[in-house]
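Colleague: quick one: sequence plus predicted model below, questions after.
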Amino acid sequence: MPAKPAPKPTALSALYWAAAARGELSAPWCGPCSDWVFPPRPRCPRCGGSEMGWRAPASTGQVVTFSVVYQAAYEAYRDDQPYVVAIVALDGGPQLMANLVDVPDPGAVTVGQRVELTFEARGESMQVPQFRPAS
Ligand SMILES: [Zn+2]
């Protein structure tokens, strides 16, 4: 069984993945718009500004939508089948796509379900943000 792929940071995503490697979430924030710019982009889509600060959004949120994967496209994920991929809206933060883990019954996942951040190790030193049902 091949290993799950590790992220390959780009210039735009390097700070995001460096934070994730430390077990933290960090996302670009446009000060003039007082809003998140996520995923990271060279310019704010609202004001066109390029001066982005980075902030830590909340580590809790809710499921916006999700899909249950019964046939993984990659062999490395076959042991996880069926697994859940979700769009999660962080509390007061941006939305991101991630797997839901620690889900004994994917059929019981619901839109609006409360979730909390966790991380899965990848490669030598990377970690991938994921979510699990809030305790
Ligand atoms: Zn802006």
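Modeller: Yes, it's here.

Colleague: for Gln95, give me phi and psi.
Modeller: For Gln95, the backbone dihedrals are phi -100, psi 140 (criterion: degrees, to the nearest 10).

Colleague: ok, it - contacts?
Modeller: Phe38, Val64, Ile87, Val88, Ala89 (C-beta atoms under 8 Å, 6 or more residues apart in numbering). C-betas here are computed from N, CA, C, even on glycine.

Colleague: from these, list the buried ones, please.
Modeller: Among the contacts of Gln95, those classed as buried by 16 or more other C-beta atoms under 10 Å are Phe38, Val88, Ala89.

Colleague: from those, which land in strands?
Modeller: In strands, defined here by DSSP state E, the members of these are Val88, Ala89.

Colleague: among the buried ones among the contacts of Gln95, which one lies nearest to the ion?
Modeller: Among these, Phe38 lies closest to the ion (C-beta to the ion), at 12.3 Å.

Colleague: list the contacts for the closest residue to that closest one other than its chain neighbours?
Modeller: The spatially closest residue to Phe38, leaving aside those adjacent along the chain, is Pro94, at 3.6 Å (C-beta to C-beta, 6 or more residues apart in numbering). Counting by C-beta under 8 Å, 6+ apart, Pro94 makes contact with Ala27, Trp36, Phe38, Pro57.

Colleague: can you put those in a markdown table and add distance to Ala18, pLDDT and secondary structure?
Modeller: Listed next are the contacts of Pro94 as a markdown table, based on distance: C-beta to C-beta, whole Å; pLDDT from 0 to 100; DSSP: H, G, I helix; E, B strand; the rest coil:
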| residue | distance to Ala18 | pLDDT | secondary structure |
| --- | --- | --- | --- |
| Ala27 | 13 | 97 | strand |
| Trp36 | 18 | 97 | strand |
| Phe38 | 16 | 96 | coil |
| Pro57 | 16 | 97 | coil |
